[in-house]
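>>> Kindly generate the corresponding structure for this input.
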Amino acid sequence: MESWLRHYYFVNQVKEIINHFNLIESALTENWFDEKGFYQIPFHMTQFTSQLSVLSLYSKSISQSKDDNDCSYDYLHNFDLIQTEFIKLLSVLHSDNKKNDECVTSVNSINNEKNNHFDQIKEYLSRINQYLKDTFEKATGTLKCSPNDMNSSSDSIQKEMESTFEAISVAEKRFHDLIAESKQRSANNEYLQVNSLILDCCSDLLLCVGELVKQSEMIQQDIKDSSTLSEFYKPHNRWTNGLLSAAKCVGAGANVMVEIADAIVSGKDVKLERLIVISQEIAASTTQLVCATRVKTNPISEMFTKLQTTSKEVCKCTGNLIACVKKAIEAKHTEELDFSCLTLTQAKRMEVELQVKIIELETSLTNERQRLAQLRRDNYQLSAEVEEKSTTTTTKNT
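Numbers count the residues shown, from 1 in each chain. Presented below is the predicted three-dimensional model:
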């Protein structure tokens, strides 16, 4: 179970426990001798003890996952203290039932002792509740932060969105130049005409992506204006990190696509499959951007409806680009499969060479998959180090 989800369950569970205990106290003090109390007390006591036992059992996972062993020990020790006090309380209630006909002094003494046990149990429950609230806030990154931290998060998102939109705008202009250059060369060249179609698809894709980023920026600005800064930005919030990550990936993907297109127009030997990969990366990043925006947006708002429509256009343009690239690859592959002019010996030699190449490619594929896995592990580790460094810097500033 996710850490934040586990803590969320614990926080709600302890609220139920406190509620049942308050009802026990109310029933014992106000309805002790009537029929209503006769039915309420056993029910709430059963709920209180059973839920407290379950929470005590599951809370061991917190002590196993927490770095602060002293705090987790104190937290678990509170359950033992509650159990001890509750047994004493039951003992007092039992004696109170036996001595209800004795002198007033004895009854008052028992009531004072009973109230002391109630207060002690409330104190221990309050400690448990506070501890769970603190750990839940740490798990979700929602601890209160200074205005400087919130302004820093706000500025980071704003700058990143502006930088992404600028990168896409530059990429669009560059694609217009590349398309014009390609059309000048492609008058009598079928291969260059295919490249020109691919560039048109790339340009359409970036145009839609640019519109989507612009709409996302407008939506987040609208959300920011309609809420307080503390409600909108919180350091290390999952929504904030998701929005920043998506914006960075979209901008980086646009730059890489321009580099590939530039190499194609320049006549360099570029694998067209790279365009398929980078277009899928851009589409995935825009999907992440839409999901991050949807977290804070009214799903029936007009702005979000437009954003979803643009997102579908991005997916459509991505599909068109991939189809165009695959068609170009298949056409090139068909031209290379003309074996009609080969002799038997030449054909046999080529067959052997192709089998050798297949073995080499299979070996290379295995090696590249291992490299990709290692690269992803390094990237995850680097991301964790950057986030930890950012957390340390924020803590020092506060």
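
>>> Backbone dihedrals for residue 272, please?
The phi and psi values for residue 272, taken as degrees, to the nearest 10, are phi -70, psi -20.

>>> What does the pLDDT read for the closest residue to it other than its chain neighbours?
Spatial nearest neighbour of residue 272, chain neighbours left out: residue 325 (5.0 Å); criterion: Cβ to Cβ, 6 or more residues apart in numbering. Heads up, the C-betas are built off the backbone N, CA and C, glycines and all. Residue 325 carries a pLDDT value of 87.

>>> Check residue 334 too.
In this model, residue 334 is scored at 66, pLDDT.

>>> picking that back up, and the residue nearest to residue 272, how many neighbours?
Per other Cβ atoms under 10 Å, the neighbour tally for residue 325 reads 21.

>>> hang on, isn't it packed against residue 195?
No. Counting by Cβ atoms under 8 Å, residue 325 stays clear of residue 195, with 10.3 Å between them.

>>> Which stretches in this structure count as helices?
3-30, 35-58, 60-65, 69-98, 104-140, 147-185, 190-225, 229-232, 238-265, 273-295, 302-335, 344-397 (DSSP state H).

>>> For the fourth one, buried residues please.
When neighbours are counted by 16 or more other Cβ atoms under 10 Å, the buried residues of helix 69-98 are found to be 72, 75-76, 78-79, 82-83, 85-86, 88-89, 92, 96.

>>> Redo those as JSON lines? Include distance to residue 113 and pLDDT.
Shown next, in JSON lines, are those (distance: Cβ to Cβ, whole Å; pLDDT from 0 to 100):
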{"residue": "72", "distance to residue 113": "32", "pLDDT": "65"}
{"residue": "75", "distance to residue 113": "27", "pLDDT": "74"}
{"residue": "76", "distance to residue 113": "27", "pLDDT": "76"}
{"residue": "78", "distance to residue 113": "21", "pLDDT": "82"}
{"residue": "79", "distance to residue 113": "22", "pLDDT": "83"}
{"residue": "82", "distance to residue 113": "17", "pLDDT": "86"}
{"residue": "83", "distance to residue 113": "18", "pLDDT": "84"}
{"residue": "85", "distance to residue 113": "11", "pLDDT": "87"}
{"residue": "86", "distance to residue 113": "14", "pLDDT": "86"}
{"residue": "88", "distance to residue 113": "8", "pLDDT": "86"}
{"residue": "89", "distance to residue 113": "9", "pLDDT": "83"}
{"residue": "92", "distance to residue 113": "5", "pLDDT": "82"}
{"residue": "96", "distance to residue 113": "9", "pLDDT": "64"}
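
>>> Could you single out the nearest of those residues to residue 366?
The nearest member of the buried residues of helix 69-98 to residue 366, counting by Cβ to Cβ, is residue 72 at 45.1 Å.

>>> For residue 121, see how far away the closest residue to residue 169 other than its chain neighbours is.
If the residues on either side of it in the chain are set aside, residue 169 comes closest to residue 210, at 6.4 Å by Cβ to Cβ, 6+ apart. Note on residue 210: its distance to residue 121, by Cβ to Cβ, to the nearest Å, is 61 Å.

>>> Neighbour count for those two, which is higher?
Using other Cβ under 10 Å as the criterion, residue 210 and residue 121 rank with residue 121 on top: 24 against 21.

>>> can you tell me which residues contact the more buried one?
Residue 121 is in contact with 21, 82, 85, 86, 89, counting by Cβ atoms under 8 Å, 6 or more residues apart in numbering.

>>> since we're on residue 215, how many residues are nearby?
The number of residues packed near residue 215 is 21, by other Cβ under 10 Å.

>>> ok, it touching residue 305?
No. Counting by Cβ under 8 Å, residue 215 sits too far from residue 305 to count as a contact (10.3 Å).

>>> Any idea how many residues pack against the residue lying closest to residue 315 once chain neighbours are set aside?
In space, and not counting its chain neighbours, residue 315 is closest to residue 283: 6.1 Å by Cβ to Cβ, 6+ apart. Neighbours of residue 283 under the rule other Cβ under 10 Å: 23.

>>> and residue 283, how far is that from residue 323?
Look at residue 283 and residue 323: by Cβ to Cβ, they are 14 Å apart.
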